[in-house]
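**Q** Quick one, structure for this:
(chains A, B and C)
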Amino acid sequence: MSRNASNNILDRPLGFRATPAGRSSDVSSVSLSAFAYVYSELVQYHQGRAASISELERRLESAGYGVGLKVLECVAYRGKEMKRETRLMSILHFVSSSVWKSLFGKSADSLERSIDNQDEFMIVDYEPITSTFVSVPQDLGQLSADAYVSGIIAGVLDGAGFSARVTAHNVQVEEGENSRPPTNATPGMPRRTEKAVFLVKFSPEVLERDATLER
Amino acid sequence: MAAVPVLFVIVGKNEPLYEAEIDTSTGIHSSSSGDLSTRQNYFVLHSALDLVEKSAWTTNSMYLRVVDKVNHQQVSTFLTAANVKFMLLHSGKGEEVVKNFFNEVYQYYVKLSMNPFYKFDTPISSKAFDTRVRAAARAYLS
Amino acid sequence: MGFLHLFIVNKSGGLILHRSLGPRAPSIGTNDWLRIGSTFHSLHAIAAEASPVRLPKNKNPSGADDGIQQIEGSGVTLKCLQTRTGIKFVLTAEPGTTDIDTALREIYVLYADCALKDPFYELEMPIRCELFTSAVDNLIERLEQSKMSAVR
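**A** Next comes the predicted model:
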């Protein structure tokens, strides 16, 4: 590849993939398979270096954190409105719709506020792409392969000034809870029995600030 | 009237990430860092930081317009989605003009941040970025 | 008519998965399975050597090593799909069962999806992926059902 001026990253349009012939296509999407192989290698890389399940999760989260920071700026720029999110609910909607659409091509399946704790929110996805082909072995117990996504969420929130602790959990899908047909899996793959719940716990100062803005 | 150079800085969480002093009339940037007025300009910009922090949460717009005025100089500010501050010290350019300049720089900044070798909130050393910011400053602010 | 067993042998003859697919499958102990797996692996290689016709480079048209593709008995039919990397997928079924080839190909696809893309699966090691086994069960169930509806 020649490194002339027109090939500099700053001259290329954002979000459009330059094709060899110089044409660019509107939708630049990556196949689920390609992603699955890369993600599989990422998990294996960190698994070899982590001493415990929680350390592996933490490593995956930190891998996603940087992605979150970049995605925040990129999605905000593409939004063309030149708006920042300053309120708690609006940043959560931003994550569960705009960020989700840009990364996974669809909105998150739901966004809920915890009943027990005012500072906790849950973002639910029935088919997170990070665990499409993953079977967590018995000896890794409660490991969630979606920790990478929780890192992305933490990155977006932290970047926007809403520091939060985000964790990923696998939760059994109840009978009849998700009636939509499975979308991205290979034909013949069984229906997913677990959904990913991303638990967002905001820092006290974030809630305080939001309460002040309420007035 | 002698053209007064404009001063543009990008400030991260803890430190300035990028600085450029641009002479918009000739396009040649002055490198007189020991100059008294330059030092004073930096002082004005940095003292405006507190005002930026204060108004950051009162609006959800990225463009904060003029946040501070010292003598004939004004400090315009733009906050990115991740609250990185773009600050421009100038002598009374039009609001729209400055806004367009900021939007252009934001585009370069977003593209720069897509580079896997650029880590968020670290000083910007990219020569290409520098060249384009200076070109944008000349295009919009002269 | 129906499927009996599935077993998968890696390229060095080690058994990496065995699974019974129906209530009529005879129960076979794990040690016996290991023996069956490695014996089949050897026979596969010997069959290619003993064949009067040698294919170029000993590769069959799909690019895998030549060898046993099918064994017919009066009570059982065995079919084998060998991939280019030397993994053998073997299905046994009652005589007259259709769709064995389809099933083998789909199992190969499921292996590529559920095992090879799983970060916790190590190549050539026994397959313990929950997702793979449930997908295989799902597939066999689907094939049996479509057969039932075709009969009616």
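**Q** Would you mind measuring from the residue nearest the centre of chain C to chain A?
**A** Nearest to the geometric centre of chain C sits residue C:90, at 2.0 Å (C-alpha atoms, centre = their mean). Note on residue C:90: its distance to chain A, by C-beta to the nearest C-beta, to the nearest Å, is 19 Å. C-beta: built from backbone N, CA, C; applies to glycine.
**Q** What about that residue? Give its phi and psi, please.
**A** Dihedral angles of residue C:90 (phi, psi; degrees, to the nearest 10) stand at phi -120, psi 130.
**Q** Now do the residue nearest to it when sequence neighbours are not counted: how many residues are near it, please.
**A** Setting aside the residues directly before and after it, residue C:90 is nearest to residue C:80 in space (C-beta to C-beta, 6 or more residues apart in numbering or on different chains), at 4.8 Å. As a burial measure, residue C:80 scores 20 neighbours (other C-beta atoms under 10 Å in any protein chain shown).
**Q** just to revisit the earlier point, what's near enough to touch the residue nearest to the centre of chain C?
**A** Going by C-beta atoms under 8 Å, 6 or more residues apart in numbering or on different chains, residue C:90 touches C:6-9, C:40, C:78-81.
**Q** Tabulate those residues in a markdown table, adding columns for pLDDT and secondary structure.
**A** A markdown table is the format used below for the contacts of residue C:90 (pLDDT from 0 to 100; DSSP: H, G, I helix; E, B strand; the rest coil):
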| residue | pLDDT | secondary structure |
| --- | --- | --- |
| C:6 | 96 | strand |
| C:7 | 96 | strand |
| C:8 | 97 | strand |
| C:9 | 97 | strand |
| C:40 | 96 | helix |
| C:78 | 96 | strand |
| C:79 | 96 | strand |
| C:80 | 96 | strand |
| C:81 | 95 | strand |
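**Q** helices or strands up against the worst-scoring helix or strand of chain C on mean pLDDT?
**A** Using mean pLDDT, DSSP states H and E, the weakest-scoring helix or strand in chain C turns out to be helix C:130-151, at a mean of 88. With contacts defined as 3 or more C-beta pairs under 8 Å, 6 or more residues apart in numbering or on different chains; DSSP states H and E, helix C:130-151 has these neighbours: strand C:3-9, strand C:15-20, helix C:100-110.
**Q** quick one: residue C:37 and residue C:17 touch, right?
**A** No: at 9.4 Å, residue C:37 does not count as touching residue C:17 under the criterion of C-beta atoms under 8 Å.
**Q** Now for these two: what residues contact both?
**A** With C-beta under 8 Å, 6+ apart as the test, residue C:37 and residue C:17 both reach residue C:7.
**Q** any idea which of the helices and strands packed on helix C:130-151 is most buried?
**A** strand C:3-9 (a mean of 22; mean count of other C-beta atoms under 10 Å in any protein chain shown).
**Q** what about that strand, near chain A?
**A** No: using C-beta under 8 Å from any C-beta of the partner chain, strand C:3-9 never reaches chain A; the gap is at least 14.5 Å.
**Q** Check the offset of that strand from the chain's centre.
**A** 5 Å (C-alpha atoms, centre = their mean, to the nearest Å).
**Q** CA-only coordinates of that strand in PDB, if you can.
**A** Extracted C-alpha coordinates of strand C:3-9, given in PDB (Å, rounded to 0.1, in the frame of the first residue of the first chain):
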ATOM      1  CA  PHE C   3     -29.500 -42.400  13.800                       C
ATOM      2  CA  LEU C   4     -27.600 -44.400  16.400                       C
ATOM      3  CA  HIS C   5     -24.200 -42.800  17.300                       C
ATOM      4  CA  LEU C   6     -21.900 -40.000  16.400                       C
ATOM      5  CA  PHE C   7     -18.200 -40.100  17.000                       C
ATOM      6  CA  ILE C   8     -15.400 -37.800  16.100                       C
ATOM      7  CA  VAL C   9     -11.800 -38.800  15.700                       C
END
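**Q** contact partners of that strand?
**A** C:15-22, C:24-26, C:28, C:33, C:36-38, C:40-41, C:76, C:87-94, C:97, C:100, C:103, C:107, C:111, C:127, C:136, C:140, C:143-144.
**Q** So how do I select the buried members of those in ChimeraX?
**A** Per 16 or more other C-beta atoms under 10 Å in any protein chain shown, the buried members of the contacts of strand C:3-9 correspond to this ChimeraX selection:
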select /C:15,16,17,18,19,20,21,25,33,36,37,40,41,87,88,89,90,91,92,93,97,100,103,107,111,127,136,140,143,144
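**Q** any chance you could read off phi and psi for residue C:63?
**A** phi 90, psi 0.
**Q** And it, what's its pLDDT?
**A** Among the per-residue scores, residue C:63 holds a pLDDT of 82.
**Q** From residue B:96, how far off is it?
**A** 65 Å (C-beta to C-beta, to the nearest Å).
**Q** Run through chain A and note the low-pLDDT ranges.
**A** Within chain A, the stretches with pLDDT under 70 are A:1-6, A:15-28, A:183-187.
**Q** give the contact list for the residue lying closest to residue C:64 once chain neighbours are set aside.
**A** Leaving out its chain neighbours, the residue that sits closest to residue C:64 by C-beta to C-beta, 6+ apart is residue C:82, at 4.2 Å. Residues counted as contacts of residue C:82 (C-beta under 8 Å, 6+ apart) are C:44, C:64-65, C:67, C:88-89.
**Q** Next, format those residues as TSV and append secondary structure.
**A** Converted to TSV, these look like this (DSSP: H, G, I helix; E, B strand; the rest coil):
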residue	secondary structure
C:44	helix
C:64	coil
C:65	strand
C:67	coil
C:88	strand
C:89	strand
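**Q** How many residues are close by the nearest residue to residue A:108 once chain neighbours are set aside?
**A** Spatial nearest neighbour of residue A:108, excluding adjacent residues (C-beta to C-beta, 6+ apart): residue A:96 at 4.0 Å. Residues within reach of residue A:96, counting by other C-beta under 10 Å, total 22.
**Q** For residue A:96, give me its contacts.
**A** So residue A:96 contacts A:107-108, A:111, A:123 (C-beta under 8 Å, 6+ apart).
**Q** ok, it to residue A:110 distance?
**A** Taking C-beta to C-beta, one finds residue A:96 at 8 Å from residue A:110.
**Q** shared neighbours of those two, which are they?
**A** In contact with both residue A:96 and residue A:110: residue A:123, using C-beta under 8 Å, 6+ apart.
**Q** Extract the CA atoms of stretch A:121-129 and return them as CSV.
**A** The C-alpha trace of stretch A:121-129 is given here as CSV (Å, rounded to 0.1, in the frame of the first residue of the first chain):
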residue,chain,number,x,y,z
PHE,A,121,-29.3,0.1,35.8
MET,A,122,-29.5,-2.9,33.6
ILE,A,123,-28.9,-3.2,29.9
VAL,A,124,-30.1,-6.5,28.5
ASP,A,125,-29.1,-8.2,25.3
TYR,A,126,-30.6,-11.6,24.3
GLU,A,127,-27.9,-12.3,21.7
PRO,A,128,-24.6,-10.6,22.5
ILE,A,129,-22.2,-11.3,19.7
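**Q** any bit of that stretch sitting next to chain C?
**A** No: judged by C-beta under 8 Å from any C-beta, stretch A:121-129 stays clear of chain C, getting no closer than 11.0 Å.
**Q** Pull up the gap between residue A:182 and residue C:119, please.
**A** On the measure of C-beta to C-beta, residue A:182 and residue C:119 end up 21 Å apart.
**Q** Please identify which of the two sits among more neighbours.
**A** The neighbour count for residue A:182 versus residue C:119, taken as other C-beta under 10 Å, is higher for residue C:119 (23 against 15).
**Q** what about stretch A:130-144, start to end distance?
**A** 10 Å (C-alpha to C-alpha, to the nearest Å).
**Q** and it, which residues are buried?
**A** Burial within stretch A:130-144, assessed by neighbour count using 16+ other C-beta under 10 Å, is assigned to A:130-136, A:143-144.
**Q** which of those lies closest to chain B?
**A** Closest approach between these and chain B, by C-beta to the nearest C-beta: residue A:130, at 19.4 Å.
**Q** Having no further points to raise, I will conclude here.
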